[in-house]
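Enquirer: pasting a predicted model and its sequence here:
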Amino acid sequence: MSSTEARATVVAFDEAVLERMVIAVERVRERLRRSTAALEKAGIPYAVIGGNAVAAWVSKVDPAAARNTVDVDLLIRRADFDSAKTALEAVGFEYSFTFGVQLFVDGPQGKAREGVHLLFANEKVRGDDACPTPDVTSSSREKALNVIDLGELVVMKLTSYRLKDQVHLHDLVDVGLLDPTWLDQIPPELAGRLKQILDTPEG
C-alpha cells in the first residue's frame, strides 16, 4: 500500500469507540468528585486547580466551550499531605511519587496520566517559577467543589506556561474571562506572556 493509499484508509468508529470516549470523561469527573469528597470528609482544605478549574470557570459563561481533561489537579497545604494521603488511599487511590510529582493513581491498574496530582500551596512548583502557588483559601465554592479563584488560576497558568497552559488561557480569552484589562492586574513579570496570548488568538 502506498503512503497516499494509507492516508486515504477509512477507519470505522463504531458505537463502542464512542462509548469509551464518554466513559473516559465520566471517569475523570468521578475521580474529581471522589478525591475532593475524601478531603472534605477528612477536614482538609483544598482547591481544584488545573484543567478542571479552567473548565469550571469557562462553564460559567459557556458550558459548550469547556474542554475535557484527563487528570485531576488539587492544591493542598504541605502540612496536610499525610492526612490527605490517608484520606485518598481510603477511597481507592494509590500513592506514587513520579518525576517530582505527588501523584495518586486510581487503584493497582491506574495510569499516572489519569491520576490525582497534588500541588502544595504557597510554594514554587519549580525553583525558577516567577510566582508561588496561591493558598487554598483563594478559592470559591462552586456547587460541590472548592475551585481556585480566577485571578490565581490565571497567574498559575501564566507561571507554568506549558502548551496546555497556553491552550487553557486561550479558552479563558475565548469566553471573555480574560482580556487586556488583566495586563495591569497580574505580576509584571508575567505580563509579556499574557500579551502573547492576547495577541495570538486561536483560529
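Expert: Thanks, I have the structure now.
Enquirer: tell me where the model's unsure across this protein.
Expert: 1-12, 203 (pLDDT under 70).
Enquirer: my guess is Ala47 contacts Leu150. True?
Expert: No: contact criterion CB atoms under 8 Å: Ala47 and Leu150 do not qualify, at 12.0 Å. Using the backbone N, CA and C atoms, a C-beta is placed for each residue, glycine as well.
Enquirer: what's the neighbour count on Lys111?
Expert: By other CB atoms under 10 Å, the residues close to Lys111 number 10.
Enquirer: nearest residue to Glu89 other than its sequence neighbours?
Expert: Tyr95 (6.7 Å; CB to CB, 6 or more residues apart in numbering).
Enquirer: next one: Thr69
Expert: The shortest distance from Thr69 to any residue other than its chain neighbours is 3.0 Å, reached at Gly51 (CB to CB, 6+ apart).
Enquirer: need the three-state assignment for Asp73.
Expert: Following DSSP: H, G, I helix; E, B strand; the rest coil, Asp73 is assigned to strand.
Enquirer: for the protein, just list every one of the helices.
Expert: Per DSSP state H, the chain carries helices over the ranges 3-8, 15-41, 50-61, 81-89, 150-160, 163-174, 188-199.
Enquirer: the fifth one to helix 188-199, inter-axis angle?
Expert: Right, helix 150-160. Helix 150-160 runs at 90 degrees relative to helix 188-199, counting by axes from the mean of the first three to the mean of the last three CA atoms, to 10 degrees.
Enquirer: many thanks, we can stop here.
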